[in-house]
Every structure is written in structure tokens, then in C-alpha cells.
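In: sequence first, then the predicted structure:
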Amino acid sequence: MTAMSSPAITTIIKMVESLPDELQEQVVEHVRAYLAELEEEKLWDTSFKRTENNLVAAARKAKAEIAAGLSSPMDYEQL
């Protein structure tokens, strides 16, 4: 533990240290999985923000085509 740790990190460390070793390992694995999920969400959000304008434009185009009668229902059997 470093002097730079936030109070929240210090609290978590104390909580985990109070557990038996086997449970500490389980907590570490859960935290790793949770942090990986957060990283994936961050990447998804970044990707979405990069393509958001294109998605909006595509949605507007589709809406205009539907309104103009230029579209047909999707046939999922042909996918």
C-alpha cells in the first residue's frame, strides 16, 4: 500500500486483508473481471462516440426511405 492510496482503496485493502487467503483470491478474481468489464464498456463508449454521427445519419436515411415508400420489410430467411 502506498502513501498515495485514496481512502476508498485503503478501505478495500483492509476489507480484503481481513479475509482468509482463499476468499482473498476470489475477491481478486471478481475485481479483475469487473475491471475488465469496465474497460470493455469504456472501449464500447469510445467506439460509439466515434461512429455516433454515422449511425444518426443512417437512421435518418432509413426513416426517409420508409416515409418515401422506398423500403420493404426485412426477410430474415434471406439473411
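Out: Sure, I can see it.

In: phi and psi next, for the residue minimising distance to the centre of the chain.
Out: In the chain, the residue lying closest to the centroid (CA atoms, centre = their mean) is residue 41, at 1.8 Å. The phi/psi pair for residue 41 (degrees, to the nearest 10) reads phi -60, psi -40.

In: likewise for the one 10 residues further on?
Out: Dihedral angles of residue 51 (phi, psi; degrees, to the nearest 10) stand at phi -110, psi 0.

In: mind listing what residue 65 touches?
Out: Residues in contact with residue 65 (CB atoms under 8 Å, 6 or more residues apart in numbering) are residue 71. C-betas here are computed from N, CA, C, even on glycine.

In: quick check: which element contains it?
Out: helix 21-67 (DSSP states H and E).

In: distance of the residue nearest to the centre of the chain relative to residue 35?
Out: Using CB to CB, to the nearest Å, we find residue 41 at a distance of 11 Å from residue 35.

In: between the two, what contacts are shared?
Out: By CB under 8 Å, 6+ apart, no residue touches both residue 41 and residue 35.

In: any regions of this protein where pLDDT drops low?
Out: For the chain, the stretches with pLDDT under 70 are 1-3.

In: tally of neighbours for residue 55?
Out: 10 (other CB atoms under 10 Å).

In: find the nearest non-adjacent residue to it, please.
Out: residue 48 (7.9 Å; CB to CB, 6 or more residues apart in numbering).

In: residue 74 in helix, strand or coil?
Out: coil (DSSP: H, G, I helix; E, B strand; the rest coil).

In: next, residue 72: phi, psi?
Out: phi -130, psi 160.

In: residue 48 versus that one, what's the distance?
Out: Applying CB to CB, the value for residue 72 to residue 48 is 29 Å.

In: what is the burial count for residue 49?
Out: Count around residue 49 with other CB under 10 Å applied: 9.

In: now swap in the one 3 residues further on and tell me
Out: Here the count is done by other CB under 10 Å, and residue 52 has 10 residues near it.

In: residue 16 - how many residues pack around it?
Out: Count around residue 16 with other CB under 10 Å applied: 14.
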